[in-house]
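Trainee: Need coordinates for the following:
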Amino acid sequence: MQIPIQINVKGEMVVGIMHIPERSLKGNPVIIAINGLNGNRVEHQRMLVQLGERAEKNGIALLRFDSRGLGLSEGEFWNTTVESKLEDIKCIIDFLKGCYRNNLTVFFLGYSDGAKLILNLLETSLDKKHLAGMLLWSPVLLPVNGELKKKKMVREPNTKAMVFPFGGLWIGVKYIRDVSIDKDFLTPIHEFNKPLMCIFGTNDEKTTDLINIMKTDKYKNVELSLIEDAGHTFQDKVWTEEVINNSIEWIIRQNT
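Mentor: As a prediction, the model looks like this:
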């Protein structure tokens, strides 16, 4: 079953879809899908829709949503910051705790730049009692934001605010500053003490160096899944299916 949700975050509605199984696995596992820079509740090839439908059939709930300023959620993207995205995620977590009366286990799914959001979130005062594991698709953890730094600022036509054009959207200056900070995201991966799986495409230039790092002994805590010849967004039906299969099977294993 899929139901639409709306959550008020500082006066603006965050809109999402929750996939609910007829019968949940032990512990009521819930996947919270967290997107990258300009990702949304659907994603390429409707990957998150497909994942949600598969999760339902396997006794797993999934919540996918648009951050404020994206998709169906309220707000403007040029006002988006890393902090505002973290606020959205925290409100999603509180919503789920209320739905399940605190009887749930949470798996974070970070897609692309969404992996950084999760790691930033874990540095906050977040209550990790319900966190069962972390699943990362094409995580971008090494600095690759040169293309953003090269963009020329322009004025947004309506508000005249200074913004950067990116992917058909206007990115605010604060967000550019947030993501341009060279921050160590590898140490939190190494120190993460719960189940962790990373799924990469072997033909993804954005993550080639990270894959090589993850193969070293230092990151034995990371379960790697490599999709042969796939790019950053797993843009072939066969690759998408493999990502979804591996993800669901991994979560079921953690729940046994």
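Trainee: in the sheet, who's paired with Met13?
Mentor: Asn8 (DSSP bridges).
Trainee: My guess is it contacts Ile7. True?
Mentor: Yes. Counting by CB atoms under 8 Å, Met13 touches Ile7, with 7.1 Å between them. Heads up, the C-betas are built off the backbone N, CA and C, glycines and all.
Trainee: Please report the distance of Leu226 from Ile199.
Mentor: 8 Å (CB to CB, to the nearest Å).
Trainee: Out of those two, name the residue with the larger neighbour count.
Mentor: Between Leu226 and Ile199, counted using other CB atoms under 10 Å, Ile199 has the larger neighbour count: 24 against 15.
Trainee: Could you export the strand or helix carrying the more buried one as CSV, CA atoms only?
Mentor: In this assignment (DSSP states H and E), Ile199 forms part of strand 196-201. Taking Å, rounded to 0.1, in the frame of the first residue of the first chain, the C-alpha atoms of strand 196-201 are listed here in CSV:
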residue,chain,number,x,y,z
LEU,A,196,26.8,-0.9,6.0
MET,A,197,26.6,-1.7,2.3
CYS,A,198,27.7,0.4,-0.7
ILE,A,199,26.5,-0.3,-4.2
PHE,A,200,28.6,1.2,-7.1
GLY,A,201,28.6,1.0,-10.8
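Trainee: now what about it, what contacts it?
Mentor: 133-139, 189, 207, 210-211, 214, 221-227, 229-232, 234, 239, 243, 246-247, 250 (CB atoms under 8 Å, 6 or more residues apart in numbering).
Trainee: any idea how far Gln6 lies from Met18?
Mentor: Separation of Gln6 from Met18 (CB to CB) stands at 11 Å.
Trainee: if we can go back for a sec, packing partners of the following helix or strand past the strand holding Ile199?
Mentor: Note on strand 196-201: by DSSP H and E, the next helix or strand toward the C-terminus is helix 208-214. Here helix 208-214 touches strand 196-201, strand 222-227, going by 3 or more CB pairs under 8 Å, 6 or more residues apart in numbering; DSSP states H and E.
Trainee: Just name the most buried of those.
Mentor: strand 196-201 (a mean of 23; mean count of other CB atoms under 10 Å).
Trainee: quick one, the strand holding Ile199 and strand 222-227 angle?
Mentor: 20 degrees (axes from the mean of the first three to the mean of the last three CA atoms, to 10 degrees).
Trainee: Pull the distance from strand 196-201 to the chain's centre.
Mentor: 13 Å (CA atoms, centre = their mean, to the nearest Å).
Trainee: just stretch 75-86 next, same as before
Mentor: Using CA atoms, centre = their mean, the offset of stretch 75-86 from its chain centre is 15 Å.
Trainee: Span of it from start to end?
Mentor: 15 Å (CA to CA, to the nearest Å).
Trainee: Show me which positions of it end up buried.
Mentor: Buried residues in stretch 75-86, counted by 16 or more other CB atoms under 10 Å: 75-82, 84-86.
Trainee: do stretch 179-195 as well
Mentor: Neighbour-count burial for stretch 179-195, counted by 16+ other CB under 10 Å, picks out 179, 183, 185-186, 188-189, 192, 195.
Trainee: now for those residues, which pair is the farthest apart?
Mentor: Val179 and Pro195 (27.2 Å; CB to CB).
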